[in-house]
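Enquirer: Mind folding the following:
(2 chains)
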Amino acid sequence: MDKQNTLASQYATFLVAGRLYGLDVQQVQEVTKSLPLSPVPHAPSHVQGLINLRGQVATAIGLRELLQVREPSPETTMTVICSGNGLLLSLTVDEIGEVIEVESKDFERPPDTVPESARRFISGVFKLKEQILTILDLNKITQALNSGMPL
Amino acid sequence: MAQPVSDAAFHEFSAECEEILVRVSSVLGTLEREKSTGAGWGEVYRDIHTLKGSAFLYGYNKLGGVAHAMEATLEPYRRTEAVLGSALFDALYKCVDLAERILASIKASREEGNFDEEVLRLTMQLFDANLTNLDADYLLVGDAPVVQNDDALSPDEQALAPPPNATPVRVRIPMHSVNETQPVLEGVEIKEVATIRVHVSLLDKLMTLVGEMVLIRNQVIQYANRNEDMDFLKLSQRLNLVTSELQNEVMNTRMQPIGNVLAKFKRVVRDLSKDLNKQIELTLSGTETELDKTLLEAITDPLMHIIRNACDHGLESPEVRAAKGKPETGTLAIRAFHEGGQVIVEIADDGAGIPRDKVLEKAVSRALITAERAQSMSDREVHQLIFLPGFSTAEKITNISGRGVGLDVVKTNVERIGGSVEIQSEFGAGSVFKIRIPLTLAIIPALVVKSGGEIFAIPQVKLVELVRVENDTQQRSIELVESKPVYRLRGNLLPLVVLNEVLGLKSADATEGVIPASANIVVLNAEEHQFGLIVDEIHDSADVVVKPLPLFLKHLALYAGATLMGDGSVALILDVVGLASKAHLSGSASQAAKSFANEKRSKEAKSHVGQEYLLCRLNAPSRYAIPLCLVHRLEEFSAESIEFSGGLRLVQYRGSLLPLIDLNKVLGFDALKSETPKDKVAVVVVQKRDRYFGIQVDDILDVVNVETEIDDFLRDRPGILGNIVVEEEVAVVADVLGILEREIGRMGHGASSPGESDPGLSFDERAQIKVLVVEDTPFFRNLFIKTLSENGYKVTADEDGQNAWQRLQSANRGDFDIVVSDIEMPNLNGFQLATEVRKHPVWNAIPMVAVSSRARQVDFDAGKKAGFNLYLEKFDPVKLMSSIDQLVKSKSSKAA
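Expert: Numbers count the residues shown, from 1 in each chain, chains lettered A, B, ... in the order given. Here you go, the predicted model:
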């Protein structure tokens, strides 16, 4: 949890199955509507395919699959482009939210009841007025991807 | 031990060190080239001093130690005019290299790594070299012009402007007298800098951007072509050119001479020869051959392995060599060169070669092959065994090459970068390893295919051929072995892999155990195996820009990368070897496929220049050959699909009817009587007069390359051109064109059956006619010469329009009476030749006959327009001769 002492104050937020997630705004390269996908046969289920991001090939990761959210995905999706640990990722989400400013006093570790399968990608939660903002740890996500994690 | 420091401080430190090392290394180069002395060393000295300081500050004592040793060494030189010898430069370069490696380790792990011994050794070497260098009363001022200590010139001017016409001399100058001169280098340096160092990541980024630009360029051109705006079109075409050029140049920035790697091996071989008590001389050639940086790094280890292997196993000890009558010093020659878009590195030794018996013995004992198989293997196949995993012939395990790692690793590593490795060896005389490497990994030629609705690219290097199989009936073009599909490709079983199945893509009709109605088979080479990949559609071949995949997708071992297509979509590049193992093709199960590939390769190795023939079997003792230049395609039809029209046998082929001519029948053999009636008919499709004709044979055997000419001494019947010798057996060459001419005549299309035109001239009259034949295909050229000279004509032949045109220009009127020319030829084609001839004052009226296999109406018209008097189809000798006779006769009567 070294990241905690350097907690960011601004998060780009997005919705997956009605839940609010956030990524450090510094780590987000851009947000776009979903781009045409080329599937990669035999890839793990969270790899939705490859996309052409202005001449660079990005790997599309379904956050739904990654976090093992069972609700079906909506017809239109959006993507959050971010990079880290040598990967250029396009995270598929349902909807894009605002950039939210938070205060560190509202931060808490993820509750113990959160299963490890999702917990490993979450650095913590912010207790916002209306709802809970779950912060994703991009570093852990890319590391897990690179290690070819089993799901 | 490093102290804990903040990230930012650490990065600043490592970046500074890196910068310093880059600068030192480049300035060292300049100083060595210019034989600089004194103040020129100031900058390097200061840099190294800084490096030492920072390294010690951060607790990196090894790095600091190296810098310290360099600093101490350079100390005297920056104050005197002493020149550094090459040994000292060598030692300094090694120090920089070591410092770079220590720094790399620091950057990776914040630890210096285990370099103690090396630091110590190098420090000693540096001091030794320095002592030797200083150990003279005199300093040698190299081949530089002597600068007189002239008061009229300021020191700067002295350095910048050497005296005019100064002749280089070597002089000895007492050390103390040169102390006053202080040439300043800074001003000189600027114009000398021809190279700069940039980070590889910058080049990669440039490459990416260029790739992106290429895509935009493609879109712009597409848009411009749809547009009416001419100016825009012109601009887009300029953009097109400049982009292509830019792409080339950016690719060039990644190229490095292979010598960078090869030079290293000199020391390796020297050290090895000492360790092994052998005398080995290493020669390098083609060191300037350039290769993509990534590839260069990738082949270093395989090369090292092969070289160690050659020194250890290949080359014999001096005693053994002497006993064999060889020179005691063995040679190891490494040669690098370009060939067909690839870089080839050959490692040749004149050592013992590969002992067949030992290899077989070992292979059998390790159960790599069976004893029966061992008996029947060719030498070539035996040599390939050394690449099998788990093979090592060394009698004793040495620390040189017997490290539990076999040549199979070399093979795997080379193939990973899209290359191949092969060996040729002669027992007792030596071995040659040949490594083929693609020029660059960034852009590769690929075949684009579609399967399961997705686009895939297949690297062209793995591609052998494309086969289209049509199964309109329930016939077995594709058959099943244990529910796995196979295809009989020229008599050998080719295992088939359905791409949709391997990748789990949805497909309309392909399910296991069911034979598809038709199939596109891409025949691929995967290591030792050859297999057919069934895809839905075959698109174009194209040069694709390879984009790396994330590691976790690479680990699937199915894809070599991704690429962007013209429409902006992403396509996966298939990893052919991975695909084969995914489909369980590897291993002993596909021995058939293996020997198939080997057989094929040995044939390819043989093909040099000469004429290629298709070998067929008929119901006759000897084999029959058809010149390959006449063959359009090879097909197999089911016996049921043959229809009859009167006496003619026909099959439906590509939307029209293909008449079949049974070669057995034409040549007077009985139809093949086998126990089981054949349900497949092998057909050689040839094109004549814009129509296809099928020549039916019993079996298509092979394609061979024959360098000797057709021996036409024994021509026992019509339809035969003569004999050729193929692999020490005689094959009979069928006169396919003659046969077709006769058969077409019988079919009622006869436009030119013999005897139709007037009888022509007598032998003696023909002997007066001087014919210039222009034909590039050796087969036809010889046929022309033979046919015409047998009938009396005086024949001169040239192999292309260019040569013929030169010959005509230097010839005199009367040297030739008529020109008979092919149309499609290199350099100057038939049309161009005719156009030139018609403009020439001497030859403008000479009769010209075009003889071409391109015989559509447009070709006839083009021929007339170019100036040919007559356009004939290849090859009807009677018609040709009667035409020659007529043309020459009417020309001379006109002249008279």
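
Enquirer: Tell me which helix or strand in chain A has the weakest average pLDDT.
Expert: Within chain A, confidence by mean pLDDT, DSSP states H and E is lowest for helix A:116-119 among all helices and strands, at a mean of 83.

Enquirer: I figured residue B:35 hits residue B:83, correct?
Expert: Yes: look at residue B:35 against residue B:83 with CB atoms under 8 Å: they come within range, at 5.8 Å. Yep, even glycine has a C-beta here, placed from its N, CA and C like the rest.

Enquirer: Residue B:62 is in contact with residue B:99, isn't it?
Expert: No: in this structure residue B:62 lies outside contact range of residue B:99 using CB under 8 Å: 9.1 Å.

Enquirer: Mutual contacts of these two, please.
Expert: Here residue B:62 and residue B:99 share no contacting residue, scored by CB atoms under 8 Å, 6 or more residues apart in numbering or on different chains.

Enquirer: Show me which of the two is the more surrounded one.
Expert: residue B:99 (29 against 21; other CB atoms under 10 Å in any protein chain shown).

Enquirer: Confirm residue A:80 sits in a strand?
Expert: Yes: judged by DSSP: H, G, I helix; E, B strand; the rest coil, residue A:80 forms part of a strand.

Enquirer: correct me, but it touches residue A:95?
Expert: No: using CB under 8 Å as the test, residue A:80 is too far from residue A:95 to be in contact (10.9 Å).

Enquirer: Which pLDDT value belongs to residue 9?
Expert: Went with chain A since none was named. Note on residue A:9: pLDDT of 82.

Enquirer: You answered for a different chain; I wanted chain B.
Expert: Looking at residue B:9, its pLDDT reads 73.

Enquirer: for residue B:177, same thing?
Expert: 38.

Enquirer: just residue B:589 next, same as before
Expert: Here the pLDDT value assigned to residue B:589 is 39.

Enquirer: For stretch B:623-634, which residues meet the burial criterion?
Expert: Using 16 or more other CB atoms under 10 Å in any protein chain shown as the test for burial, stretch B:623-634 gives B:623-628, B:630-631, B:634.

Enquirer: Residue A:35: which of these is nearest?
Expert: Proximity of those to residue A:35 (CB to CB) peaks at residue B:634, which lies at 44.8 Å.

Enquirer: quick one, phi psi at that closest one?
Expert: For residue B:634, the backbone dihedrals are phi -110, psi 130 (criterion: degrees, to the nearest 10).

Enquirer: Over to residue A:115?
Expert: For residue A:115, the backbone dihedrals (degrees, to the nearest 10) come out as phi -60, psi 150.

Enquirer: same deal with the one 5 residues further on?
Expert: As for residue A:120, its main-chain torsions (degrees, to the nearest 10) stand at phi -60, psi -20.

Enquirer: what about it, distance to chain B?
Expert: 16 Å (CB to the nearest CB, to the nearest Å).

Enquirer: Have a look at residue A:80 and residue A:95 and say which one is more surrounded.
Expert: Neighbour count, other CB under 10 Å: between residue A:80 and residue A:95, residue A:80 has more, with 24 against 14.

Enquirer: Please name the residues that touch that one.
Expert: Residues near residue A:80 by CB under 8 Å, 6+ apart: A:12, A:14, A:23, A:28, A:31, A:90-91, A:93, A:96.

Enquirer: so what's it bridging to?
Expert: Residue A:80 forms beta bridges with residue A:31, residue A:91, as assigned by DSSP bridges.
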